[in-house]
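1. what's the 3D shape of this:
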Amino acid sequence: MDKDIFQGYKGDALDILKKYHTRVWGTAKIETTRGNFEGTVLPRAENDDDKHIVLKIATGYNIGIDIRTIKKMKETGYKKANYKIPEKEFPYTKGLPRVKLFGTGGTIASRLDYRTGAVIPAFSPGELYGAVPELADICNLETEKVFAVFSENMGPKQYIALAKAIGKEIEKGVDGIVIGHGTDTLHHTGAALTFMCQNLPVPVVLVGSQRSSDRPSSDAALNLMHAMKAAGHSDIAEVMVCMFGPTSDEYGLLHKGTRVRKMHSSYRSTFRTIGDTPLARISRKEIVPIKKNYNKRRKDKDVKILPYFSEDVTMLYYYPAMKPDVLDAMIDEGYRGIIFVGTGLGHVNKELYPAIERAQAKGIHMYMTLQTIWGYVHMFVYDTGRDMMARGIIPAGNMLPEVAWVKLSWILGQTDDPAKVKEMMLTPVNDEITLREPYNGYLVYQGGVPEVEEFIKKVHK
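-> Numbering: from 1, shown residues only. Presented below is the predicted three-dimensional model:
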């Protein structure tokens with residue numbers, strides 16, 4: 001018997017599979033005390049327990065079936081998984097732009113083998129062409145896998161390597177760059193690359209997918225097409241995030257790397273520009289600018305690469321009744337910079353004052369941002385704010401907390417001079433601080449309200 005037909009399964013779950021002569025990648029009908037299910041038996045994940053069998057059902061979703069509920073199981077078919085995606089030579093088309101795709105890990109694009117249930121990753125130009133043939137109508141594609149890490153493991157090492165790689169590709173004359181990236185920390189990388197890659201002559205577009213390609217509702221292929229179009233054909237030469245606009249697949253949005261945030265754990269329209277409007281709306285047919293002012297594409301190669309980053313910066317999210325020992329621990333650990341994420345206009349409680357004074361005495365760079373997400377830090381309004389400024393905390397305008405963390409880390413990688421650090425923190429590189437937020441830069445709708453319900457009937461979410 002093939003040794004891997006029960007891939008990953010052990011203990012009770014393996015006994016059940018053997019009892020009913022059902023193999024991994026076999027299609028099965030399972031009768032349980034909670035209903036009947038049919039689908040493909042998937043390999044057991046490394047950290048899953050041995051009390052469940054994972055089944056991919058027809059909708060594309062995976063479900064875990066508690067083996068204690070199984071009354072009967074029957075294998076109805078079997079096709080061993082083949083992880084090799086068919087390659088087709090990516091055609092060169094004279095006149096189309098050259099786009100370089102950097103992979104950082106995860107699945108840039110993929111297809112589902114419906115016979116087996118396997119999700120097959122695609123990355124080489126030939127594999128991508130086999131998975132998303134529409135790309136050949138958009139650009140001449142080159143690819144390079146820079147890392148193989150989940151987005152939560154992206155950090156300074158990866159930011160610096162990407163910045164240097166971007167500089168090299170621009171020197172080679174590429175027309176645009178796409179970076180495939182997991183969505184969880186995509187906006188952190190967008191901010192880091194905005195500071196590290198300045199005066200860009202071509203677009204740099206970060207893209208990911210909220211839903212994997214084995215699901216009918218996957219956004220992977222369309223996001224990739226939109227990103228390639230933005231990189232090859234847009235005249236917006238900035239670091240951007242390209243993801244779905246509405247939850248439907250009508251169009252995508254291009255967001256500035258310093259003003260974007262992931263706002264929902266699972267919606268395809270998770271990325272939103274905060275305190276401003278997106279740069280542009282994009283579809284397979286057109287790119288429609290929303291903002292009038294942006295860094296425009298040029299024909300030269302004069303990019304400024306500043307690959308600096310200090311790991312001695314941390315972030316403190318304030319909560320009521322916070323004790324000073326939390327801040328004291330950061331001070332004792334030797335952090336040189338602290339981003340406070342305060343309440344209201346930028347506040348923390350008075351119990352923290354002694355610890356803040358300790359941080360000030362040690363020369364720690366301290367900046368205030370807001371939990372409210374939208375709006376500006378205003379520390380002159382109340383005594384609390386003025387007290388904190390007297391103790392060395394500097395208001396950071398309407399900079400998003402994670403952007404402030406990235407920027408201070410980038411700055412402390414270059415200088416530790418308090419005056420220079422302050423000057424650099426409060427001088428915008430690319431709209432991380434703006435003079436004002438537009439009237440339509442803050443829109444939060446609430447279901448159940450009559451006017452909102454009426455609005456929802458007329459437009460897509």
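2. mind listing what the closest residue to residue 70 other than its chain neighbours touches?
-> Nearest residue to residue 70 in three dimensions, chain neighbours excluded: residue 32, at 5.4 Å (Cβ to Cβ, 6 or more residues apart in numbering). C-beta: built from backbone N, CA, C; applies to glycine. Listed by Cβ atoms under 8 Å, 6 or more residues apart in numbering, the contact set of residue 32 reads 65-66, 69-71.
3. quick one: average pLDDT of stretch 337-352?
-> The average pLDDT within stretch 337-352 is 98.
4. tell me the buried residues in that stretch?
-> Residues 337-342, 345-348, 352 are the ones in stretch 337-352 that count as buried (16 or more other Cβ atoms under 10 Å).
5. same question, stretch 405-416
-> 405-413.
6. which ones among the residues you listed are found in helices?
-> 405-412 (DSSP state H).
7. pull the longest strand from this protein.
-> Longest strand in the chain, counting residues (DSSP state E): strand 70-78.
8. what packs against it?
-> The contact analysis (3 or more Cβ pairs under 8 Å, 6 or more residues apart in numbering; DSSP states H and E) places strand 70-78 against helix 11-19, strand 26-32.
9. what's the burial count for the closest residue in space to residue 231 that isn't next to it in sequence?
-> Closest residue in space to residue 231, ignoring its immediate chain neighbours: residue 176 at 2.9 Å, by Cβ to Cβ, 6+ apart. Close neighbours of residue 176, defined as other Cβ atoms under 10 Å, add up to 26.
10. do the same with the one 4 residues further on
-> Look at residue 180: counted by other Cβ under 10 Å, it has 27 neighbours.
11. gap between it and residue 390?
-> Look at residue 180 and residue 390: by Cβ to Cβ, to the nearest Å, they are 47 Å apart.
12. now the element after the helix or strand hosting residue 164, going C-ward?
-> Taking DSSP states H and E as the definition, residue 164 sits inside helix 156-171. Downstream of helix 156-171, the next assigned helix or strand under DSSP H and E is strand 176-180.
13. for the helix or strand that that next one is followed by, packing partners?
-> Proceeding N to C from strand 176-180, the next assigned helix or strand is helix 186-196, under DSSP H and E. Under the contact definition 3+ Cβ pairs under 8 Å, 6+ apart, helix 186-196 sits against helix 156-171, strand 204-207, strand 239-244, strand 260-262, helix 401-412.
14. in TSV: the ones you listed, plus distance to residue 253.
-> Below are the helices and strands packed on helix 186-196 laid out as TSV (distance: least, Cβ to Cβ, whole Å):
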stretch	distance to residue 253
helix 156-171	22
strand 204-207	12
strand 239-244	7
strand 260-262	9
helix 401-412	18
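15. same list (these) but as CSV, adding mean pLDDT and distance to residue 296.
-> Listed next are these as CSV, based on pLDDT from 0 to 100; distance: least, Cβ to Cβ, whole Å:
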stretch, mean pLDDT, distance to residue 296
helix 156-171, 98, 15
strand 204-207, 97, 14
strand 239-244, 97, 13
strand 260-262, 97, 20
helix 401-412, 98, 23
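16. out of the ones you listed, which is closest to residue 315?
-> helix 401-412 (5.0 Å; Cβ to Cβ).
17. could you export that closest one as PDB, CA atoms only?
-> Provided in PDB are the C-alpha atoms of helix 401-412 (Å, rounded to 0.1, in the frame of the first residue of the first chain):
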ATOM      1  CA  PRO A 401       0.200  53.800  14.400                       C
ATOM      2  CA  GLU A 402       1.800  51.100  12.400                       C
ATOM      3  CA  VAL A 403       3.200  53.600   9.900                       C
ATOM      4  CA  ALA A 404       4.600  55.700  12.800                       C
ATOM      5  CA  TRP A 405       6.300  52.500  14.100                       C
ATOM      6  CA  VAL A 406       7.800  51.800  10.700                       C
ATOM      7  CA  LYS A 407       8.900  55.300  10.100                       C
ATOM      8  CA  LEU A 408      10.600  55.700  13.500                       C
ATOM      9  CA  SER A 409      12.400  52.400  13.000                       C
ATOM     10  CA  TRP A 410      13.600  53.600   9.600                       C
ATOM     11  CA  ILE A 411      14.800  56.900  11.000                       C
ATOM     12  CA  LEU A 412      16.600  55.400  14.000                       C
END
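18. tell me where the stretch 1-150 of the chain has strands.
-> 26-32, 35-41, 52-56, 62-66, 70-78, 98-103, 109-113, 118-122, 140-145 (DSSP state E, counting those that start in this stretch).
19. what's in contact with the fifth one?
-> Strand 70-78 is touched from outside by 16-17, 19-23, 25-33, 38, 53, with contacts defined as Cβ under 8 Å, 6+ apart.
20. for residue 396, see how far away residue 341 is.
-> Taking Cβ to Cβ, one finds residue 341 at 10 Å from residue 396.
21. joint contacts of these two?
-> Counting by Cβ under 8 Å, 6+ apart, the residues touching both residue 341 and residue 396 are residue 369.
22. please pull out the lowest mean pLDDT helix or strand from this protein.
-> Lowest by mean pLDDT, DSSP states H and E among the helices and strands of the chain is strand 109-113, with a mean of 57.
23. outline the domain layout of the chain.
-> 11-78, 98-305, 313-426 (automatic domain parsing).
24. could you work out the end-to-end span of the last one for me?
-> The reference is to domain 313-426. 17 Å (Cα to Cα, to the nearest Å).
25. tell me how far that domain lies from the chain's centre.
-> How far domain 313-426 lies from its chain's middle: 25 Å, per Cα atoms, centre = their mean, to the nearest Å.
26. tell me where the stretch 251-400 of the chain has strands.
-> 252-256, 260-262, 271-273, 280-282, 287-289, 304-305, 313-317, 337-342, 365-370, 393-395.
27. okay if I get those as a markdown table plus distance to residue 195?
-> What follows is these, written out as a markdown table (distance: least, Cβ to Cβ, whole Å):
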| stretch | distance to residue 195 |
| --- | --- |
| strand 252-256 | 13 |
| strand 260-262 | 14 |
| strand 271-273 | 18 |
| strand 280-282 | 22 |
| strand 287-289 | 24 |
| strand 304-305 | 11 |
| strand 313-317 | 13 |
| strand 337-342 | 14 |
| strand 365-370 | 15 |
| strand 393-395 | 18 |
